[in-house]
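In: Test case, fold it:
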Amino acid sequence: MLHVVNMGSIGEDILAVYTFSIGGKETKAHLSATEIIIECQPPAWCQKRPGVIPFLKIVSTECRQDHKTSITRHRLVKSLRLSKFSFGLFKRGYRTFDYEYEAGDDETENKDGYTSITIHYVEEEKEKGLIKLKQLTLQHADSAVLAKWSTVIQNSISSLTRRPKKLLVFINPFGGKGKAKKLWEDKISKIFKLGGIQSKVIVTEEAKHALSLLQTVPLHGYDGVVSVGGDGMFAEVFNGVIIRAARDAELDVDDKTTQFARPDVRVGFIPGGSTDSISMCLHGTTDPTTAALHILLGDRMMVDVVSIHSQEKLERFAMTMVSYGYFGDLMTHSEKYRWLGRSRYSVSGVRTFLANRSYTGTVRYSAEDDHQSGLLAETCGEGCPTCSGSEEEIDQKRGEEEDITRKDNVNSEDDPDVDDGNSFKTREFEVEGRFLAVSSATLSCSCPHSVPGLSPAAHTGDGTTDLIIVHNTSHLNYLRYLFRTAFHQSHPFSLPFVQAVRVTSWSFTPQDERKHSTWNCDGEILDNLQIFVKPHRQLVPVFARGVYNKRYETERKLSEEAKMFDTIPVL
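Out: Numbers count the residues shown, from 1 in each chain. A predicted model of the protein is given here:
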């Protein structure tokens, strides 16, 4: 929450200054070209009210006609209008009241005008990752003043082109706790309506319904496609828009070397599933209101995805996790207990751990090196320099990486160390053996069961994925790995039987197809065992801004202060 400490610091772009009644107190408010400034007097009162509300954080305004109320005691002749409860109080000697509207002197003079303006805005709790919807009511006797303020604010909001005006919304009524439709009707639709967003709603009827519709439905009139449900529902949406963009560009989706086209439309999600890992990775919370407000405010970030190819075709895209072994077995088993809701993962996790099954196979991957130092120390989040940059710069980097990948595919058989003079150098590695789990985390894979996530240092937009190989070991050692992954008191990658590396592509080939696991891809099951996985740098535009990172915010503020001092002329 921001407060005005020194009114002398207010800029010269003030458009109007008026005294309003706020919460029954006479308070001076300033309207500038970018924000509303409230003079907080006294300081104790200031702690309860916003001092500065930037237009970027305002959702909408509405002018209202308020009425004064007078309270009159009920007469016995009016008792027929009382409820049984209030009539009982009346007989026992309690005073019961009826609220009747009476016009005051000001209202008589301003009969057809407005008496107040309510400003709906957002307030952030950055450390918790939450965004809350708030409102402030300004009362004034002159309706022309209120209308002027409302017009200026609404015009400023309308000029914010990043905010969506029309959305295509898919609701999964079956996923998670089965409450997605109720969540939409009771809460999310009202938030979108308050922000002036039109929504076309489609309730899905079966698996891959949204994926199928997105290949044919016209998208040019929409500013975004939003899912209401769990991670599986969102996976259908971003898979649908990526494949649609590729086919519109006449690209071969089954070619492993294809450089996929970035979709023009943003995708968003309202978490309503069992784990909601996507929401944890990109917002830092599973709060549906926060996700809705990120969409309403028009937040935008570019997020990596990986394409998963079998020997013959594209299987799907994934944004969080691709995992074989423990997490694949867990997902397969948990599907039998969907009626348990979120608890099914705990039940299946215990059962899968006790089974302690390992599988043989060969993992091949491309990486700059075979060290995991970056995975132990790096952090990502809002403002991460590794994942920042304009879309033009990102497209250039994507093109360079795709060119190098093609050269790697051509030359890797003749020379395992590929170096053509570029700064981006990759080498081919191979690991063969028996594994408890083979996973790749494109995002951190944070969830309520493991807030740090499977790979806490994973970047949202660096064009890589973190490959994690857990070699066969004892029950006790694997329990140590799971415990560290869940609570992160010590880093799980420092265990001797865990191998973690940041890769630009990888593949898996099973050695014994009679005894095998399944693939867990963003919470969905993939049965094809032999796969090739390739990250695509910042391919998907998402209504998000990244998890709050205090370090990057501090660096940003210091950089802004340095630039400000640089502009001061030297005498």
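In: Every contact and neighbour count from this point should use C-alpha atoms.
Out: Noted.
In: got a pLDDT number for the residue nearest to residue 372 when sequence neighbours are not counted?
Out: Nearest residue to residue 372, sequence neighbours excluded (C-alpha to C-alpha, 6 or more residues apart in numbering): residue 501, at 5.2 Å. The model reports residue 501 with a pLDDT of 95.
In: Make sure residue 501 is indeed in a helix.
Out: No - if the criterion is DSSP: H, G, I helix; E, B strand; the rest coil, then residue 501 is strand and not within a helix.
In: Could you check how many residues crowd around residue 257?
Out: 14 (other C-alpha atoms under 10 Å).
In: quick check, it in a helix?
Out: No - per three-state DSSP, residue 257 lies outside any helix segment and is coil.
In: Let's see stretch 291-303 as PDB, backbone CA atoms only.
Out: Coordinates of each C-alpha in stretch 291-303 appear next as PDB, following Å, rounded to 0.1, in the frame of the first residue of the first chain:
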ATOM      1  CA  ALA A 291      -5.300 -15.100 -11.500                       C
ATOM      2  CA  ALA A 292      -8.500 -13.300 -12.700                       C
ATOM      3  CA  LEU A 293      -7.000  -9.900 -11.900                       C
ATOM      4  CA  HIS A 294      -3.800 -10.700 -13.700                       C
ATOM      5  CA  ILE A 295      -6.000 -11.300 -16.800                       C
ATOM      6  CA  LEU A 296      -8.100  -8.200 -16.200                       C
ATOM      7  CA  LEU A 297      -5.000  -6.000 -15.900                       C
ATOM      8  CA  GLY A 298      -3.600  -7.400 -19.100                       C
ATOM      9  CA  ASP A 299      -0.300  -8.800 -17.600                       C
ATOM     10  CA  ARG A 300       1.800 -10.500 -20.200                       C
ATOM     11  CA  MET A 301       4.900 -12.700 -20.100                       C
ATOM     12  CA  MET A 302       6.400 -15.100 -22.600                       C
ATOM     13  CA  VAL A 303       6.800 -18.700 -21.300                       C
END
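In: who touches that stretch?
Out: Stretch 291-303 has contacts (C-alpha atoms under 8 Å, 6 or more residues apart in numbering) with 56-57, 59, 122, 131, 162-164, 188, 191-192, 195, 197, 266, 268-271, 279, 283, 460-461, 537-546.
In: how about it: buried residues?
Out: Judged by neighbour count using 16 or more other C-alpha atoms under 10 Å, the buried positions of stretch 291-303 are 291-303.
In: Tell me the strands beside the one helix or strand residue 168 maps to, with direction?
Out: Element membership for residue 168, per DSSP states H and E: strand 166-171. Strand 166-171 has its sheet partners listed here by DSSP bridges as strand 198-203 (parallel), strand 224-229 (parallel).
In: Restricted to helices, list the buried residues of stretch 291-303.
Out: Per DSSP state H, helices hold the following members of the buried residues of stretch 291-303: 291, 292, 293, 294, 295, 296.
In: Which of those residues sits closest to residue 243?
Out: residue 295 (22.4 Å; C-alpha to C-alpha).
In: circling back: would you write out the ChimeraX command that picks the buried residues out of the contacts of stretch 291-303?
Out: A single ChimeraX command is used to select the members of the contacts of stretch 291-303 judged buried by 16+ other C-alpha under 10 Å:
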select :57,59,122,131,163,164,188,191,192,195,197,266,268,269,270,271,279,283,460,461,537,538,539,540,541,542,543,544,545,546
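In: send the alpha carbons of the helix or strand hosting residue 551 over as CSV?
Out: According to DSSP H and E, residue 551 maps onto helix 550-566. Only the C-alpha atoms of helix 550-566 are listed here, as CSV (Å, rounded to 0.1, in the frame of the first residue of the first chain):
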residue,chain,number,x,y,z
LYS,A,550,12.5,-9.3,-3.9
ARG,A,551,16.1,-9.3,-5.2
TYR,A,552,15.1,-8.3,-8.7
GLU,A,553,12.7,-5.6,-7.5
THR,A,554,15.6,-4.1,-5.4
GLU,A,555,17.9,-4.2,-8.4
ARG,A,556,15.3,-2.5,-10.6
LYS,A,557,14.8,0.3,-8.1
LEU,A,558,18.5,0.9,-7.8
SER,A,559,18.8,1.0,-11.5
GLU,A,560,16.0,3.5,-11.8
GLU,A,561,17.6,5.7,-9.1
ALA,A,562,20.9,5.5,-10.9
LYS,A,563,19.3,6.7,-14.2
MET,A,564,17.5,9.5,-12.3
PHE,A,565,20.8,10.8,-11.0
ASP,A,566,22.4,10.5,-14.4
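In: Give me the contact list for that helix.
Out: So helix 550-566 is contacted by 381, 382, 383, 384 (C-alpha under 8 Å, 6+ apart).
In: again, only using 6 Å
Out: With C-alpha atoms under 6 Å, 6 or more residues apart in numbering as the test, helix 550-566 has contacts from residue 383.
In: what about the closest residue to residue 187 other than its chain neighbours, how many neighbours?
Out: In this structure, residue 187 finds its nearest non-sequential neighbour in residue 289, 7.8 Å apart by C-alpha to C-alpha, 6+ apart. If you count neighbours by other C-alpha under 10 Å, residue 289 ends up with 19.
In: how distant is the helix or strand containing residue 289 from the center of its chain?
Out: Element membership for residue 289 (DSSP H and E) is helix 288-296. Put simply, helix 288-296 sits 8 Å off its chain's centre (C-alpha atoms, centre = their mean, to the nearest Å).
In: So residue 281 belongs to a helix, correct?
Out: Yes - counting by three-state DSSP, residue 281 is found in a helix.
In: Tell me where the stretch 451-571 of the chain has strands.
Out: Remark: strands assigned in the stretch 451-571 of the chain by DSSP state E, counting those that start in this stretch are 465-471, 498-503, 505-510, 519-521, 524-526, 531-542.
In: Distance of the nearest residue to residue 461 once chain neighbours are set aside relative to residue 239?
Out: Excluding the flanking residues, the one nearest residue 461 by C-alpha to C-alpha, 6+ apart is residue 387, at 4.7 Å. Separation of residue 387 from residue 239 (C-alpha to C-alpha, to the nearest Å): 22 Å.
In: ditto for residue 22
Out: If you go by C-alpha to C-alpha, the gap between residue 22 and residue 239 works out to 48 Å.
In: residue contacts, the closest residue to residue 454 other than its chain neighbours?
Out: Using C-alpha to C-alpha, 6+ apart and skipping the chain neighbours, the partner closest in space to residue 454 is residue 445 (5.4 Å). Residue 445 makes contacts with 277, 320, 453, 454, as judged by C-alpha under 6 Å, 6+ apart.
In: change it to 7 Å
Out: 277, 281, 320, 321, 453, 454, 455 (C-alpha atoms under 7 Å, 6 or more residues apart in numbering).
In: So for the helix holding residue 289, mean pLDDT?
Out: Helix 288-296 shows a mean pLDDT of 97.
In: And stretch 243-250, by the same measure?
Out: Stretch 243-250 comes out at a mean pLDDT of 96.
In: so how far is it off the chain centroid?
Out: Here stretch 243-250 is found 25 Å from its chain centre; the criterion is C-alpha atoms, centre = their mean.
In: cool, and stretch 135-145?
Out: 35 Å.
In: How about residue 521: what's its closest non-neighbour residue?
Out: Using C-alpha to C-alpha, 6+ apart, the closest residue to residue 521 is residue 322 (4.6 Å).
In: quick one: pLDDT of the one you found?
Out: For residue 322, pLDDT reads 96.
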